[in-house]
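>>> Take this sequence and fold it.
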Amino acid sequence: MCLIVFAVNVIDGYPLVVAANRDEFYFRGSEPIHRWADAPIIAGRDAVAGGTWMGVSTEVPGRFAAVTNVRDGEPVPQPDKRSRGALPVDFLTSGISPADEARRLADTADAYAPVNLLVSDGDSLWWAANRPEVAAQRVTDGVHGLSNGALDNSWPKVTRTVDSVAGMLNTVAPQSDTVDEALFAILADDRPAPDESLPDTGVGLDRERDLSPAFIRIPGYGTRTSSVLWMRADGHGVLTERRFDEGRYLDQSVIEW
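As a prediction, the model looks like this:
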């Protein structure tokens, strides 16, 4: 994922609500969300490395995991590094606590290319990162945002989307088609941020501008999926994924567990 906004213990009966966009090269193959045949996971799947960007466990209710890349200059292939998409799979198929998983990433930071990790067992949610600084911390209650930098940083796409999601969740009833449509509309915001508010992540002003909207569409790269997750207090819930190609809507999947 490249933008994850999530509400922790904000909505009664739903300790975790997630709205997220996955940005990727259009040519990179991937599978839509589905129940994996070889692991107790509901998630999309990267067809190249076999991992995922966001998923839930079907075996242990309440377990959730997601990753984003960390932008630190132009990406450089690092074939010696372990796949970042393996991190959610490892957590979802294990019994490790979110705190221990976050600390494990901190302890093995050099094994992965720059990455953010979110993990939850339904009781606590932790964030970990290995760039630009190694971090592992429990996430407090409230609405938070994570893109390709640190948790809750001031990037326009993060602050704008967090504010929109928080405002919407404060004014509507939980989990309904109307609410989902509102969340997907927020994720579809393709307005670039003003140049003066852009971060400097080492990719140049033009690229910063291209990557500044919540929903990205640039030649060869952009938002491939938008996802909305409602996790109930019993650890079960609903995951909806909408898929796009070069900004065009393709189709949608909904899985309940």
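
>>> for this protein, what helix or strand is lowest in average pLDDT?
Lowest on mean pLDDT, DSSP states H and E among the helices and strands of the chain sits helix 177-187, with a mean of 93.

>>> from the chain's centre, how far out does whichever helix or strand comes after that helix sit?
Using DSSP states H and E, the helix or strand that follows helix 177-187 in sequence is helix 205-210. Chain-centre distance of helix 205-210: 21 Å, with Cα atoms, centre = their mean, to the nearest Å.

>>> got the CA positions of helix 205-210 in PDB?
Taking C-alpha atoms only, helix 205-210 is exported to PDB below (Å, rounded to 0.1, in the frame of the first residue of the first chain):
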ATOM      1  CA  LEU A 205       9.800  18.400  -7.500                       C
ATOM      2  CA  ASP A 206       8.000  17.000 -10.600                       C
ATOM      3  CA  ARG A 207       7.800  13.500  -9.100                       C
ATOM      4  CA  GLU A 208       6.800  14.800  -5.700                       C
ATOM      5  CA  ARG A 209       3.900  16.600  -7.400                       C
ATOM      6  CA  ASP A 210       2.900  13.500  -9.300                       C
END
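
>>> Buried residues in that helix, which are they?
Neighbour-count burial for helix 205-210 flags 208, 210 (criterion: 16 or more other Cβ atoms under 10 Å). All C-beta atoms are positioned from the backbone trio N, CA, C, and that covers glycine.

>>> same question for that helix, mean pLDDT?
The average pLDDT within helix 205-210 is 96.

>>> Other residues contacting that helix?
By Cβ atoms under 8 Å, 6 or more residues apart in numbering, the list of residues contacting helix 205-210 from outside reads 192-193, 195, 198-201, 216, 218.

>>> again, only this time at 10 Å
Residues outside helix 205-210 that contact it (Cβ atoms under 10 Å, 6 or more residues apart in numbering) are 71, 74, 155, 192-195, 197-204, 216-219, 221-222.

>>> got it, and stretch 180-187?
For stretch 180-187, using Cβ under 10 Å, 6+ apart, the contacting residues are 3, 5, 17-21, 160-165, 167-169, 171-172, 176, 214-215, 223, 225-230, 238, 240, 242, 252, 254.

>>> quick one: furthest residue from the center of this structure?
Most distant from the centre of the chain: Glu196, at 25.9 Å, with distances by Cα atoms, centre = their mean.

>>> Pull up the gap between that residue and Asp210, please.
16 Å (Cβ to Cβ, to the nearest Å).

>>> ditto for Asn130
25 Å.

>>> pLDDT weak spots in the chain?
172-173, 175 (pLDDT under 70).

>>> show me where it has strands.
3-11, 14-25, 30-35, 41-46, 54-57, 64-69, 115-120, 125-129, 135-138, 142-146, 217-218, 221-231, 237-245, 248-256 (DSSP state E).

>>> re the thing from before, what angle separates the least confident helix or strand of the chain from strand 14-25?
Relative orientation of helix 177-187 versus strand 14-25 (axes from the mean of the first three to the mean of the last three Cα atoms, to 10 degrees): 40 degrees.

>>> so helix 177-187 versus strand 248-256, what angle?
Using the same axes, to 10 degrees: helix 177-187 against strand 248-256 is 140 degrees.

>>> so who does Asp163 touch?
Contacts of Asp163 by Cβ under 10 Å, 6+ apart are 5, 143, 145, 186.

>>> no, scratch that, I was asking about Ser124
8, 15, 97-99, 102, 138-139.

>>> For those, could you give me JSON lines that also reports neighbour count and distance to Asp234?
What follows is the contacts of Ser124, written out as JSON lines (neighbours: other Cβ atoms under 10 Å; distance: Cβ to Cβ, whole Å):
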{"residue": "Val8", "neighbour count": "19", "distance to Asp234": "17"}
{"residue": "Pro15", "neighbour count": "22", "distance to Asp234": "10"}
{"residue": "Ser97", "neighbour count": "15", "distance to Asp234": "19"}
{"residue": "Pro98", "neighbour count": "26", "distance to Asp234": "18"}
{"residue": "Ala99", "neighbour count": "16", "distance to Asp234": "22"}
{"residue": "Ala102", "neighbour count": "26", "distance to Asp234": "24"}
{"residue": "Arg138", "neighbour count": "12", "distance to Asp234": "22"}
{"residue": "Val139", "neighbour count": "20", "distance to Asp234": "21"}
